[in-house]
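1. the sequence and its predicted three-dimensional model are supplied below.
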Amino acid sequence: MVNNSALIKDFVNTLHKDPHGDEEGLAAPEQLDAWLKAHGLPTGSRVTAADLASAIELREALRVLLLANNGEDVDVASAYAALDRAARGGRVELCFDDDGPALVPAARGVAGALGQIVVAVQAAIADESWHRLKACRARDCEWAFIDNAKNQSRAWCSMRSCGNREKARAHRARHRAAGA
């Protein structure tokens with residue numbers, strides 16, 4: 001069984017933002033191919049630069065939606081449009097069998113693999129785990145994480161790094177404002 005939230009989180013985290021330089025996990029079509037295969041989404045064909053661009057567009061749309069899940073004011077309409085494009089490209093269809101109805105991508109190749117990620121989003125929404133998927137509020141991080149806090153109030157991927165850094169910034173800003 002696919003863990004939809006983990007798949008989405010892992011996909012978004014193929015870009016690791018860092019104050020000292022970002023690390024792109026999908027810098028070339030071969031890296032996308034390897035990532036998809038490692039996550040059970042084989043393409044069955046050669047991955048192109050256009051496929052890579054589509055994957056990065058989907059990844060960044062998901063990051064925007066995860067920032068929205070964390071209370072950030074972002075352009076969700078554009079993100080939804082990117083998910084719509086990936087769903088259409090993957091030809092996501094409702095199919096029925098003995099196990100019941102399921103959304104499946106009818107397209108092959110990378111389009112079908114990206115369609116499967118869109119299906120994972122729908123499944124996460126349906127099983128109510130979607131709202132726990134968030135992106136770190138630190139703009140130099142935006143690492144995706146699953147908020148397992150009881151009250152679902154986590155704002156940062158890690159309190160030790162991003163949380164402490166952001167709280168220290170806010171503290172210094174308050175003291176500067178009080179001294180002015």
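-> Arrived safely, thanks for sending. Numbering: from 1, shown residues only.
2. show me where this protein has strands.
-> 15-16, 23-24, 92-97, 100-105, 133-135, 144-146 (DSSP state E).
3. dump those to TSV, plus mean pLDDT and distance to residue 48.
-> For the C-beta atoms, the positions are set from N, CA and C on the backbone; glycine is no exception. As requested, the strands of the chain are exported to TSV (pLDDT from 0 to 100; distance: least, Cβ to Cβ, whole Å):
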stretch	mean pLDDT	distance to residue 48
strand 15-16	92	20
strand 23-24	92	17
strand 92-97	96	21
strand 100-105	94	18
strand 133-135	96	28
strand 144-146	94	26
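4. okay, the ones you listed, which one's buried deepest?
-> Most buried of the strands of the chain by mean neighbour count (mean count of other Cβ atoms under 10 Å) is strand 133-135; its value is a mean of 26.
5. any idea how far that one is from the chain center?
-> The chain centre lies 8 Å from the centre of strand 133-135; the measure is Cα atoms, centre = their mean, to the nearest Å.
6. which neighbouring elements make contact with it?
-> Judged by 3 or more Cβ pairs under 8 Å, 6 or more residues apart in numbering; DSSP states H and E, strand 133-135 is in contact with helix 4-12, helix 49-69, strand 144-146.
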